[in-house]
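> Predicted model, plus sequence, below.
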Amino acid sequence: MVVSESRDEIYHPPLDLRRDAHVPDLNSYQAMYKKSLEDPEAFWKEVADKFFWKKPAAGPMLQHNFDITKGSIFVRCMEGAKTNMCYNVLDRHVKEGKLGEKVAYYWEGNSPDHHLTITYRQLLSHVCRCANVLKKMGVKKGDRVSIYLPMIPELVYTMLACARIGAVHSIVFAGFSSESLCDRIMDAQSSVLVTADGVYRGEKLINLKQISDEALEKCREKGSPEVNKCLVVKHEAFRTKTGTSSNKLQTPWDSRRDVWWDEATRAAADECEPEWVDAEDPLFVLYTSGSTGKPKGVVHTVAGYLLYTSLTFKYVFDHHRDDVYWCTADIGWITGHSYITYGPLANGASSVLFEGIPVHPHVGRFWEVIEKYRVSKFYTAPTAIRLLMKYGSEPLQKYDLSSLKILGSVGEPINPEAWRWFYETVGQNRCPVVDTFWQTETGGHVLTPLPAATPLKPGSATFPFFGIEPTVLNEDGEELQGEAEGYLVFRKPWPGLMRTVYKDHERFENTYFKKFPGYYVTGDGCRRDKDGYYWITGRIDDMLNVSGHLMSTAEVEAALTLHPAVLEAAAVSRPHKMKGECLYCFVTLRDSREFSSKMAEELKRLVREKIGPIATPDFIQNAPALPKTRSGKIMRRVLRQIARNEEDLGDLSTLSDPKVVEVLLSQRSEAAA
């Protein structure tokens, strides 16, 4: 996301960070990057040698076919090798690395009164107990286990227990509806569901067991194979707040199917031999949010995902043994899989596991947690940054943030204004911002700065990570050289790339490889500037062709948010008789600001000034709030339908607040109706 005034701003890494950095300067990055492309066999073998392999690989580190015209698409990493993910992220540290007493997680609950410290040895014990419970329930290698839990330690225990016994975990964000949970259980054909009685998200009560029961009932109605067992966690913080007794009659219960977590794990042994699995066996299935239609079950496999998440975590966050790292994402999304669980644990890191929200019970909660645990690496989303910007710098001044060394951004392109606030106000002008671009499908960061090596431009994801070979294509599939804007694609695979869509390889091929044979197609547009920096311009379906000009909606949104009255903006396309497409923009104003025709004209003028007359919006609508998924992403499909005056808006179950849509429909621009 970029506007003209930010294009030549450069922020250089601080000297004190460079002294001990794994990649201390741009020359080091370029040398390592060159090796990763020219000799990937040696590069990835060196990474693999740090881990335990029950059986070594028989073939090359990486094999692939990206050209659908030459046969089935495939990616394979370390074929023939056998290992276990859980062994590599836990046993290896406890038994070989002598990190048993090191803190793996500082758990911080929804309320500051609820917290817990978990060492690597304790984590291994909990995981083994859970693994033995799952085995007793009949879960075997290759079986799927659905997990519908809030951000509590049992979520990590369960996913690692699945990995330990060779089962495939399918985590569903604990804010999804019963319908969404049902769809994901049915598609994965899970035999066991792990959930909790309930949870508070801020002040909002979510009855997880009730939602789970509704989902299982829907599965039955649709003729799905029965979930054999439902393992239920008693969430003590939830029970304390609601005053619920521990008597199971207080929770909806089916005694033939439901089992209390604490009773089952108490009776289980705390040792469990790991199941040695093939390098290309599936580790997990993670469903995309469904904002563009039927959810896709993205499949990641054991060895490649281990190599890639461990390496990206180490280099992108410049991880060192004494760091305390905090990623504020939910494990229900890929960010939590890669950069709360597997990446940090593979490196023996100490992490904060956070159940709460940024503004509960007060607007300084994030800063309070950073001070409490002396967090040194802090990774969050632009949505959260913009929310906290709203409250200004005053809440930060109460807390000591001097422990911070590196800041990170994830989830969407960050607008330059939010980037600067994050860098200047939170990072106090001394912490590099690693603005990471990646996807559920990529497994880990693919375009990202390295904190001590990369000069930063606000809003740019900068350069490719090791082993990543991006290029920019035009509509005809031709590679564009130098400064260019078009489709972001990748020429070759890397270990962490998804392998297929669960039970639908044809959809995998059609979605990512059909449009431009020979390339992995991200679905995102990008601009490469004169210095070779990459700027993500938004999903290709969020790009417009106005009078023959390809235009990024993200760039328009960045320009709109430069107006002091605008908190957030979203731009979508609307058919236009003369131009083909035109811009329809939604703006959310800051507190106490009123929307008027005069302001609409000011905003149009601002966009015209920052980008050019061709980008002038035809319509600007006041939006008290924007429709967002529970992960905080703006649901642009719905906005496009509102802009086009369509009546059927489709499935809105993934929205955090569906009522927002009703308000936007009632306030739709009269001229556009």
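Arrived safely.
> what about the helix or strand harbouring Ile536, distance to the chain center?
Element membership of Ile536, judged by DSSP states H and E, is strand 534-539. From the chain centre to the centre of strand 534-539 is a distance of 16 Å (C-alpha atoms, centre = their mean, to the nearest Å).
> what sits up against that strand?
If you take C-beta atoms under 8 Å, 6 or more residues apart in numbering as the criterion, strand 534-539 is touched by 1-2, 413, 437, 447, 459-464, 470, 485, 488, 523-529, 543, 552-555, 636. For every residue, glycine as well, the C-beta is placed using N, CA and C.
> now swap in stretch 101-118 and tell me
93, 119-123, 126, 152-153, 156, 199-202, 236-237, 240-241, 324, 345, 348-357, 360-361, 365, 368-369, 372-373.
> and it, how far apart are its ends?
9 Å (C-alpha to C-alpha, to the nearest Å).
> what about it, average pLDDT?
Stretch 101-118 shows an average pLDDT of 97 in the prediction.
> now the strands: where do they sit in the stretch 201-350 of the chain?
204-206, 229-233, 258-260, 277-278, 282-287, 297-301, 324-327, 350-354 (DSSP state E, counting those that start in this stretch).
> Packing partners of the host helix or strand of Val556?
Element membership of Val556, judged by DSSP H and E, is helix 553-560. Helix 553-560 sits against strand 534-539, strand 566-576, strand 580-589, helix 597-610, with contacts defined as 3 or more C-beta pairs under 8 Å, 6 or more residues apart in numbering; DSSP states H and E.
> Can you lay out those as TSV showing mean neighbour count?
Shown next, in TSV, are these (neighbours: other C-beta atoms under 10 Å):
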stretch	mean neighbour count
strand 534-539	22
strand 566-576	22
strand 580-589	22
helix 597-610	16
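> Put together a markdown table for those, with mean pLDDT and distance to Asp278 on each row.
Shown next, in a markdown table, are those (pLDDT from 0 to 100; distance: least, C-beta to C-beta, whole Å):
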| stretch | mean pLDDT | distance to Asp278 |
| --- | --- | --- |
| strand 534-539 | 87 | 35 |
| strand 566-576 | 90 | 44 |
| strand 580-589 | 90 | 48 |
| helix 597-610 | 90 | 53 |
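> quick revisit: show only the entries of the contacts of stretch 101-118 found in helices.
With helices taken from DSSP state H, the overlap with the contacts of stretch 101-118 comprises 120-123, 126, 153, 156, 236-237, 240-241, 345, 365, 368-369, 372-373.
> Would you list the buried entries among these?
Listed as buried from the ones in helices among the contacts of stretch 101-118 are 120-123, 126, 153, 156, 237, 241, 345, 365, 368-369, 372-373; burial here means 16 or more other C-beta atoms under 10 Å.
> Neighbours of the nearest residue to Leu396 once chain neighbours are set aside, how many?
Nearest residue to Leu396 in three dimensions, chain neighbours excluded: Trp367, at 5.3 Å (C-beta to C-beta, 6 or more residues apart in numbering). When counting by other C-beta atoms under 10 Å, one arrives at 21 neighbours for Trp367.
> gap between Trp367 and Lys405?
Relative to Lys405, Trp367 is positioned 16 Å away (C-beta to C-beta, to the nearest Å).
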